[in-house]
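[1] I would like the atomic coordinates for the input below:
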Amino acid sequence: MKRVAILISGGGSNMLRLVESMTGDHPARPVLVASNDAGAAGLARAAELGVPTAAIDHRPFGKDRAAFEAELLEPILAARPDILCLAGFMRVLTPAFVARFAGRMLNIHPSLLPRYPGLHTHQRALDAGDTEAGCTVHEVTPVLDDGPILGQARVPVLPGDDADTLAARVLAAEHRLYPAVLRRFAGGDRAPLYM
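    Take a look at the predicted model:
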């Protein structure tokens, strides 16, 4: 049984879908939900589901990412995860942190990578006149939003969409894709899944 730690920064809707999926014959179980914000709504939701939580506020560390990550690593390493899932974790991780979990850290990004890494993905897709958008689960590497693709889900861009309506459609796809990819990944299958 694989042990999964999940990092969040906000409401944690993707984290919830991951935790809810890890039951029955699923090859993994959640062992920690951690956040860089003690007020993140997802922490309370995880606790309600019986998952241990931790919060390390990044703000006192200023620009010293390594010092923040050293603190963040304490509860993560204590939980002994086999897989680390980023689920709306809004901090850029240092190469040293990423290297520690190389080949076992996943992220979900709200675009069809390699298109639109970084922020404002939905508005960028609309501005480009794209007819479809979507989300990508990928392995995390030191390059932002750039690791090997493990899965993608596509959604149509509809006439009249704005960034919010498109974001809502993509989020629904994220909630289907991330649990499906995690289940395969935890079972040893790294072949990309397309939905």
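[2] what helices or strands is the helix or strand harbouring Ala99 leaning on?
    Applying DSSP states H and E as the criterion places Ala99 in helix 95-100. Contacts defined by 3 or more C-beta pairs under 8 Å, 6 or more residues apart in numbering; DSSP states H and E place helix 95-100 against helix 65-79. All C-beta spots, glycine's among them, are computed from the backbone N, C-alpha and C.
[3] can you give me the offset of the helix it packs on from its chain's centre?
    17 Å (C-alpha atoms, centre = their mean, to the nearest Å).
[4] by contact count, what packs against that helix?
    Here helix 65-79 touches strand 2-8, strand 28-35, helix 95-100, going by 3+ C-beta pairs under 8 Å, 6+ apart.
[5] ranges for the helices of the protein?
    13-21, 41-48, 65-79, 95-100, 121-127, 163-186 (DSSP state H).
[6] Quick one: neighbours of Arg184, just the number.
    18 (other C-beta atoms under 10 Å).
[7] pLDDT value on it, please?
    Among the per-residue scores, Arg184 holds a pLDDT of 98.
[8] That one against Leu193, yeah?
    Yes: with contacts counted by C-beta atoms under 8 Å, Arg184 reaches Leu193, the gap being 6.2 Å.
[9] Mutual contacts of those two, please.
    Common neighbours of Arg184 and Leu193 (criterion: C-beta atoms under 8 Å, 6 or more residues apart in numbering): 150-151.
[10] quick one: contacts for Ala5?
    30-34, 76, 79, 81, 83-85.
[11] rerun that using 10 Å as the cut-off
    Ala5 sits next to 30-34, 51-52, 54, 75-85, 101, 105 when contact means C-beta atoms under 10 Å, 6 or more residues apart in numbering.
[12] Buried residues, stretch 74-93. List them.
    75-76, 79, 81, 83-89, 91, 93 (16 or more other C-beta atoms under 10 Å).
[13] Now do it: distance from first to last residue.
    15 Å (C-alpha to C-alpha, to the nearest Å).
[14] swap in stretch 89-105?
    Termini of stretch 89-105 sit 12 Å apart (C-alpha to C-alpha).
[15] Also stretch 127-145?
    With C-alpha to C-alpha as the measure, stretch 127-145 spans 20 Å from end to end.
[16] So which bits of it are buried?
    Of all the residues in stretch 127-145, those buried under the rule 16+ other C-beta under 10 Å are 130, 133-141, 145.
[17] Fine by me, thanks again.
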